[in-house]
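Engineer: Here is a sequence with its predicted model. Questions after.
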Amino acid sequence: MIILTILILFIVYLTVDFYFGKRQLHRSIIKRSYPKRMMDWELFGNGHDLYDRLFQDIQSATQHIHIQFFIIKKDRISEQFLQLLMKKAAEGVTVRLLLDRIGGFRVSKNKIKQLREAGILFEHANKPRLPFLFFSIQHRNHRKVTIIDGEIGYFGGFNIGEEYLGNNPRLGFWRDFHLRITGESVRILQSEFLFDWQRETRTEVNSNELYPTALQNGTTGSTFMPSDGVGIESFLLQFINSAEKEIVIASPYYIPGKKINESLIEAANRGIQITLLVPLKADHPLVRAAAFPYFKLLLNCGVKIYRYDYGFYHGKCIIIDQRICDFGTANFDKRSFFINNELNCLIEDRIFINDILTEIHHDIIHAKPLTIEEYKARPLQQRPIEVLSSLLSGLL
């Protein structure tokens with residue numbers, strides 16, 4: 001009886017902590033919006049090509065390197081990455097490295113000390129803190145941004161680690177999307193990095209030299225949309241409602257909540273063709289099961305669901321009517337919508353849309369369609385897990 005009472009009190013504490021922590025976060029958010037800017041871009045769909053290009057650009061830096069990741073692993077490629085940053089710092093290049101405190105736990109205190117002694121300005125983002133300790137542990141900075149000399153930018157879904165090179169034997173090939181950009185849109189990435197950096201360090205950065213004056217405009221329109229636990233759901237409701245013919249969604253997780261799922265059902269019922277691409281494998285416990293209650297409703301109204309089986313699918317984008325793409329770091333789940341710090345970008349460019357859709361259609365070739373018959377035939381032992389996953393879906 002005593003143990004049960006303690007358990008109930010603990011659950012109540014976690015619930016109250018999470019509720020008031022989330023409310024405090026939403027009240028303290030500094031909303032930011034950016035006008036449409038132009039860029040040129042290069043799309044990456046695998047870690048090998050991305051790292052080759054990224055490391056080359058870092059090696060060529062002469063003034064400053066600003067890097068923000070959710071995860072840096074403790075493995076060969078991560079060490080190579082950190083050694084490169086230390087080398088550039090030794091050359092006199094200003095290196096700022098911002099890493100989420102929870103996602104980046106594998107970077108040890110000794111390694112951080114080594115980085116700082118090498119001249120790297122290192123800081124953790126979203127450190128757990130009182131009074132709402134449980135919520136602050138859940139609040140993650142999920143942005144992945146790199147700016148080199150204020151002229152080259154990177155953002156997207158990749159972190160740093162061997163896993164993202166396909167070297168995790170359980171997950172296999174890691175499918176993701178990341179963009180390298182040049183042009184005036186790089187200024188937005190710089191502003192977002194500095195916003196997070198100054199919030200965490202509580203220091204002002206003299207930014208005059210961080211924004212080159214001679215950036216070319218670029219040829220592709222882009223509108224960046226930072227979010228800090230609010231705004232994504234309301235945007236997506238409008239975005240989905242704007243569709244006239246087709247919606248394509250690619251995401252590693254599908255836990256959107258009732259409002260978004262119902263908006264997709266309404267779109268399907270008015271004749272919109274909807275395709276959803278998710279992984280067959282799961283990289284976290286419970287997330288796959290949490291999607292199934294939504295899948296039933298989607299399948300019943302004709303949504304095509306494909307589960308990628310060539311490796312693990314981590315790409316994140318939504319394309320409406322083959323005319324506009326929402327691309328970035330946010331997953332199609334409640335954690336990204338209501339808790340995490342994310343950075344997405346609306347891209348309106350026929351060539352980009354064609355390229356990203358070509359990639360997704362290629363991925364669908366390596367995916368298994370989920371039918372209503374397969375859904376009904378799923379193992380009985382999975383169903384209690386689905387119930388548990390649904391109860392915890394806001395934290396997955």
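Structural biologist: Thanks, I have it.
Engineer: When you work out contacts or count neighbours from here on, use the C-alpha atoms and nothing else.
Structural biologist: Noted.
Engineer: host element of the nearest residue to Ile260 once chain neighbours are set aside?
Structural biologist: Counting by Cα to Cα, 6 or more residues apart in numbering, the nearest residue to Ile260 once its immediate chain neighbours are dropped is Leu237, at 6.3 Å. Leu237 belongs to helix 232-241 when elements are defined using DSSP states H and E.
Engineer: Let me know the distance separating the residue nearest to Ile260 from Gly315.
Structural biologist: Look at Leu237 and Gly315: by Cα to Cα, to the nearest Å, they are 21 Å apart.
Engineer: just Pro226 next, same as before
Structural biologist: When distances are taken as Cα to Cα, Pro226 and Gly315 turn out to be 18 Å apart.
Engineer: Which one's more surrounded, these two?
Structural biologist: Gly315 (28 against 25; other Cα atoms under 10 Å).
Engineer: got the contact list for the more buried one?
Structural biologist: Gly157, Arg175, Asp176, Phe177, Ala250, Ser251, Pro252 (Cα atoms under 8 Å, 6 or more residues apart in numbering).
Engineer: Identify the residues contacting stretch 320-331?
Structural biologist: Under the contact criterion Cα under 8 Å, 6+ apart, stretch 320-331 has outside partners 142-144, 155-157, 178, 239-240, 243-248, 251-254, 316-319, 336-337, 342-350, 353-354.
Engineer: 6 Å instead, please
Structural biologist: Here stretch 320-331 makes contact (Cα atoms under 6 Å, 6 or more residues apart in numbering) with 156-157, 243, 245-247, 251, 317-319, 336, 342-348.
Engineer: Then stretch 10-24?
Structural biologist: Counting by Cα under 6 Å, 6+ apart, residues outside stretch 10-24 touching it are Phe132, Phe135.
Engineer: hmm, back to that, in helices, which of the contacts of stretch 320-331 fall?
Structural biologist: Judged by DSSP state H, helices contain the following of the contacts of stretch 320-331: Ser336.
Engineer: Any of the contacts of stretch 320-331 buried? List them.
Structural biologist: Using 16 or more other Cα atoms under 10 Å as the burial test, these include 156-157, 243, 246-247, 251, 317-319, 336, 342-348 as buried.
Engineer: ok, residues contacting the helix or strand containing Ile137?
Structural biologist: Assigned by DSSP H and E, Ile137 belongs to helix 133-138. Residues lying outside helix 133-138 but in contact with it, judged by Cα under 6 Å, 6+ apart, are Phe18, Gly21, Pro128.
Engineer: Only the buried residues of that helix, if you could.
Structural biologist: Within helix 133-138, the residues that count as buried by 16+ other Cα under 10 Å are Leu133, Phe134, Phe135, Ser136, Gln138.
Engineer: Please report how far the closest residue to Leu130 other than its chain neighbours lies from Arg129.
Structural biologist: When the adjacent residues along the chain are set aside, Leu130 lies closest to Ser136, with 7.9 Å between them (Cα to Cα, 6+ apart). With distances taken as Cα to Cα, Ser136 is found 6 Å from Arg129.
Engineer: go on, Gln114?
Structural biologist: According to Cα to Cα, Gln114 stands 25 Å off from Arg129.
Engineer: Same check on Ile65?
Structural biologist: When distances are taken as Cα to Cα, Ile65 and Arg129 turn out to be 28 Å apart.
Engineer: quick revisit: neighbour-wise, which of Gln114 and Arg129 wins?
Structural biologist: The residue with more neighbours, out of Gln114 and Arg129, is Gln114; 14 against 11, by other Cα under 10 Å.
Engineer: could you give the mean pLDDT of stretch 20-35?
Structural biologist: Taken as a whole, stretch 20-35 carries a mean pLDDT of 93.
Engineer: could you dump it to PDB, C-alpha only?
Structural biologist: Taking only C-alpha atoms (Å, rounded to 0.1, in the frame of the first residue of the first chain), the coordinates of stretch 20-35 have been written out as PDB:
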ATOM      1  CA  PHE A  20       3.400  24.000 -15.200                       C
ATOM      2  CA  GLY A  21       6.800  23.700 -16.900                       C
ATOM      3  CA  LYS A  22       5.200  23.600 -20.300                       C
ATOM      4  CA  ARG A  23       3.000  26.500 -19.400                       C
ATOM      5  CA  GLN A  24       6.000  28.500 -18.200                       C
ATOM      6  CA  LEU A  25       7.800  27.800 -21.500                       C
ATOM      7  CA  HIS A  26       4.900  28.900 -23.600                       C
ATOM      8  CA  ARG A  27       4.600  32.100 -21.700                       C
ATOM      9  CA  SER A  28       8.300  32.900 -22.000                       C
ATOM     10  CA  ILE A  29       8.700  32.300 -25.700                       C
ATOM     11  CA  ILE A  30      10.200  35.100 -27.800                       C
ATOM     12  CA  LYS A  31       8.400  34.600 -31.100                       C
ATOM     13  CA  ARG A  32      10.500  35.300 -34.200                       C
ATOM     14  CA  SER A  33       9.400  35.500 -37.800                       C
ATOM     15  CA  TYR A  34      11.500  36.100 -40.900                       C
ATOM     16  CA  PRO A  35      10.600  37.400 -44.400                       C
END
